[in-house]
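Q: quick one, fold the following:
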Amino acid sequence: MVAVAQTCVVCKPILLSFIIHTTFQELRKKKRLTQARLPKKIKSSQSRVAKIERAEASVSLDLIVRSIFALGSSKKEIGRIILAKTA
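A: Have a look, this model is predicted:
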């Protein structure tokens, strides 16, 4: 799928979205936070956390990125993750 995504203009945003949502879930689990405990940290609700992890379109990219930062990631770390998973 990655090889296709590198040549497919429509596939790139879908792959990037998948990577960002997956990264969020991996970080939450790494920090050993439940979907019920995380909302206080990101100033949102449990249902929004679940929607982020399901990659629902109704969740803004801003909320996802702010949530990833709230879990302790830096801009550089997010960039490295995206590059590694799309290479």
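Q: what mean pLDDT would you report for the helix or strand encompassing residue 85?
A: Using DSSP states H and E, residue 85 maps to helix 75-86. In this model, helix 75-86 has a mean pLDDT of 82.
Q: next, the buried residues of that helix.
A: 78, 81 (16 or more other CB atoms under 10 Å). For every residue, glycine as well, the C-beta is placed using N, CA and C.
Q: now do that helix: distance to the chain's middle.
A: 11 Å (CA atoms, centre = their mean, to the nearest Å).
Q: in terms of secondary structure, what does that helix contact?
A: Using 3 or more CB pairs under 8 Å, 6 or more residues apart in numbering; DSSP states H and E, the elements in contact with helix 75-86 are helix 2-7, helix 11-30.
Q: now the shortest one: mean pLDDT?
A: Per-residue confidence for helix 2-7 averages out to 47 on the pLDDT scale.
Q: ok, the longest one next?
A: Across helix 11-30, pLDDT averages out at 82.
Q: what's the angle from that helix to helix 75-86?
A: For helix 11-30 against helix 75-86, the angle by axes from the mean of the first three to the mean of the last three CA atoms, to 10 degrees is 120 degrees.
Q: send me helix 11-30 as PDB with only the CA atoms.
A: Provided in PDB are the C-alpha atoms of helix 11-30 (Å, rounded to 0.1, in the frame of the first residue of the first chain):
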ATOM      1  CA  CYS A  11      -4.000   8.000  -1.400                       C
ATOM      2  CA  LYS A  12      -1.400  10.300   0.200                       C
ATOM      3  CA  PRO A  13      -3.900  12.200   2.400                       C
ATOM      4  CA  ILE A  14      -5.600   8.900   3.400                       C
ATOM      5  CA  LEU A  15      -2.300   7.400   4.400                       C
ATOM      6  CA  LEU A  16      -1.200  10.500   6.300                       C
ATOM      7  CA  SER A  17      -4.500  10.500   8.200                       C
ATOM      8  CA  PHE A  18      -4.100   6.800   9.100                       C
ATOM      9  CA  ILE A  19      -0.600   7.400  10.300                       C
ATOM     10  CA  ILE A  20      -1.600  10.300  12.500                       C
ATOM     11  CA  HIS A  21      -4.600   8.400  14.000                       C
ATOM     12  CA  THR A  22      -2.400   5.300  14.600                       C
ATOM     13  CA  THR A  23       0.300   7.400  16.200                       C
ATOM     14  CA  PHE A  24      -2.200   8.900  18.600                       C
ATOM     15  CA  GLN A  25      -3.400   5.500  19.700                       C
ATOM     16  CA  GLU A  26       0.100   4.100  20.000                       C
ATOM     17  CA  LEU A  27       1.200   7.000  22.200                       C
ATOM     18  CA  ARG A  28      -2.000   6.700  24.400                       C
ATOM     19  CA  LYS A  29      -1.300   3.100  25.000                       C
ATOM     20  CA  LYS A  30       2.500   3.700  25.600                       C
END
